[in-house]
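Q: just need the structure, nothing else, for what follows:
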Amino acid sequence: IAFLKQRQLGRATFLPLDVIRGRNIPDHDKRMIESIEGFVGVAAELVSCEPRYSSIINNLLGNVLLAETLEHANRIAAKCQYRFRVVTLEGDVVNAGGSMTGGSLQKKGANLLGRQRQIEQLSEELKTTDD
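A: Take a look at the predicted model:
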């Protein structure tokens, strides 16, 4: 963080593996949600990673639900009393508390290319630090 501040390189969030704890949907809520039309799954259960990163995945995605459409997401969120974030397959979001985020992105392709370039650069940096 000091490095970023000194060089005015922006902000970043760091997730220490020895500190971060996972989040989850309580079993009774999960059973109720699973029966709702349009429910796809809990986001953390739909991705894979190396076991050492599972607490990070569960922290970030353990209480995020995935729904087919915004209509389904709203029904799921209402049934859960707006306690969890629900994301649609198109990327619209019903946030915990009930606010919604959605729409279209104008420069989607450019952002994806930029992110791919950033991923490649960071992968190279990781390789040099691991050696």
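Q: hang on, residue 29 in a strand?
A: No. Residue 29 sits outside any strand when classified using DSSP: H, G, I helix; E, B strand; the rest coil, being helix.
Q: isn't it right next to residue 77, touching?
A: No. Assessed by C-beta atoms under 8 Å, residue 29 is found out of contact with residue 77, at 12.0 Å. The way it works is simple: take the backbone N, C-alpha and C, and place the C-beta from them, glycine included.
Q: overlap in contacts of the two?
A: residue 84 (C-beta atoms under 8 Å, 6 or more residues apart in numbering).
Q: between the two, which is the more surrounded one?
A: residue 77 (23 against 17; other C-beta atoms under 10 Å).
Q: now do the contacts for that one.
A: Contacts of residue 77 by C-beta under 8 Å, 6+ apart are 84, 86, 94, 98.
Q: for the strand or helix carrying it, which positions count as buried?
A: Mapping residue 77 onto the secondary structure by DSSP states H and E places it in helix 70-79. Residues of helix 70-79 classed as buried: 70, 72-77 (neighbour count, 16 or more other C-beta atoms under 10 Å).
Q: A strand includes residue 96, no?
A: No. Under three-state DSSP, residue 96 falls outside any strand and is assigned coil.
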